[in-house]
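Engineer: Provided below are the primary sequence and the corresponding predicted coordinates.
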Amino acid sequence: MEQFILSVSDLQVAVKNKEGFFTTLVKDINFEMKKGQILGVVGESGSGKTVTSMSILQLHDRKTTQVGGSIKLHGRELNGIGNNDMRNIRGKDIAFIMQNPMNAFSPVFTIGHQFVETIQSHTPLKKKQAKELAIDVMKSVNLPEPDKLLKKYPFQLSGGMLQRVVISMAACLHPSVIIADEPTTALDLHNQLLVLRLLDKIRTDYGTSILLISHDLGVISEMADDVIVMKQGRIVEKANVFDLFDHPQHEYTKKLLKTRPTLYLQKQPYTYQF
Ligand SMILES: Nc1ncnc2c1ncn2[C@@H]1O[C@H](COP(=O)(O)OP(=O)(O)OP(=O)(O)O)[C@@H](O)[C@H]1O
């Protein structure tokens, strides 16, 4: 039997409104992720992509949100797990990369301070070793002059550079899963390509599985091995990327594909340089 890194079964998320009634946001969500797989998640705005990823990270407000079903990481149930246990898993085993990399940093500390702190909070490394690891990983992903970068504050870096720093921070801890929620949406085309190639390199180097949420079907077609299509809180189609693009089954998928933008990574004249 296939060993899955992440299995989501019968996930259902409902949120309590002011009157105390629950509204279901997502329902019947089932998918698995294999080692090194990139699973694309597409669907129009409001279809439940972020609600699903927040459930995996157990980031919903427990007072107002009910999360039903099962979310297993290496066979370990995450749904309902204690906050402290989840804090250890987040960042180390499941990294989260969001649309705006500025949100990943505090503005008042240097990148280096926060990078080293992240490594130290999940490993027994001393400060000096953590800094060396940070520099090694930044070098391995071709970030220029890591020593200087670490001394800067987040606002001193461009969005594209900052997103690459966020991804190298994640890479340091060799997470089993990266959840990347619209990681390139706020970036220009050149930086989009660099960030996507960086994610692909991490999957290749460390066997990290990546849940890649994107509006952009061009990005999904270039990056994903398999794709799930969400509509109104449900998965309406799940397929290998070639089957999905060549033989979409659901009417909604067909409609999405008609508006497909193009971002052909291999055909762009960019090289893997920074
Ligand atoms: N805390 C909440 N309370 C009430 N409704 C919520 C809450 N969080 C999300 N929703 C609703 O759940 C639905 C799914 O939202 P979600 O953010 O997952 O969509 P999405 O597919 O990620 O959209 P986008 O692509 O715009 O980010 C939306 O209708 C949203 O308004």
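Structural biologist: It's in.
Engineer: Okay, helices next: where are they in the stretch 101-250 of the chain?
Structural biologist: 111-122, 127-140, 146-151, 159-172, 189-206, 217-223, 241-246 (DSSP state H, counting those that start in this stretch).
Engineer: need these in JSON lines with distance to the ligand and mean pLDDT, can you?
Structural biologist: For glycine as for every other residue, the C-beta is placed from the backbone atoms N, C-alpha and C. Formatted as JSON lines, those follow (distance: least, C-beta to the nearest ligand atom, whole Å; pLDDT from 0 to 100):
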{"stretch": "helix 111-122", "distance to the ligand": "25", "mean pLDDT": "92"}
{"stretch": "helix 127-140", "distance to the ligand": "29", "mean pLDDT": "91"}
{"stretch": "helix 146-151", "distance to the ligand": "30", "mean pLDDT": "94"}
{"stretch": "helix 159-172", "distance to the ligand": "17", "mean pLDDT": "88"}
{"stretch": "helix 189-206", "distance to the ligand": "17", "mean pLDDT": "89"}
{"stretch": "helix 217-223", "distance to the ligand": "13", "mean pLDDT": "91"}
{"stretch": "helix 241-246", "distance to the ligand": "18", "mean pLDDT": "94"}
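Engineer: okay if I get those as CSV plus distance to residue 18 and mean neighbour count?
Structural biologist: Output for these, formatted as CSV (distance: least, C-beta to C-beta, whole Å; neighbours: other C-beta atoms under 10 Å):
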stretch, distance to residue 18, mean neighbour count
helix 111-122, 36, 19
helix 127-140, 45, 17
helix 146-151, 45, 16
helix 159-172, 35, 23
helix 189-206, 39, 18
helix 217-223, 36, 22
helix 241-246, 39, 16
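Engineer: Against the ligand, how distant is residue 84?
Structural biologist: The gap separating residue 84 from the ligand is 23 Å, by C-beta to the nearest ligand atom, to the nearest Å.
Engineer: which element is that residue on?
Structural biologist: Assessed by DSSP states H and E, residue 84 sits inside helix 83-89.
Engineer: if we can go back for a sec, tabulate the helices of the stretch 101-250 of the chain in TSV, adding columns for distance to residue 234.
Structural biologist: As requested, the helices of the stretch 101-250 of the chain are exported to TSV (distance: least, C-beta to C-beta, whole Å):
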stretch	distance to residue 234
helix 111-122	35
helix 127-140	38
helix 146-151	43
helix 159-172	29
helix 189-206	27
helix 217-223	18
helix 241-246	16
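Engineer: In the stretch 101-250 of the chain, what residue lies closest to the ligand?
Structural biologist: Nearest residue of the stretch 101-250 of the chain to the ligand (C-beta to the nearest ligand atom) works out as residue 215 at 6.0 Å.
Engineer: count of neighbours near that residue?
Structural biologist: 16 (other C-beta atoms under 10 Å).
Engineer: doesn't residue 46 make contact with it?
Structural biologist: No: between residue 215 and residue 46 there is no contact under C-beta atoms under 8 Å: 11.5 Å.
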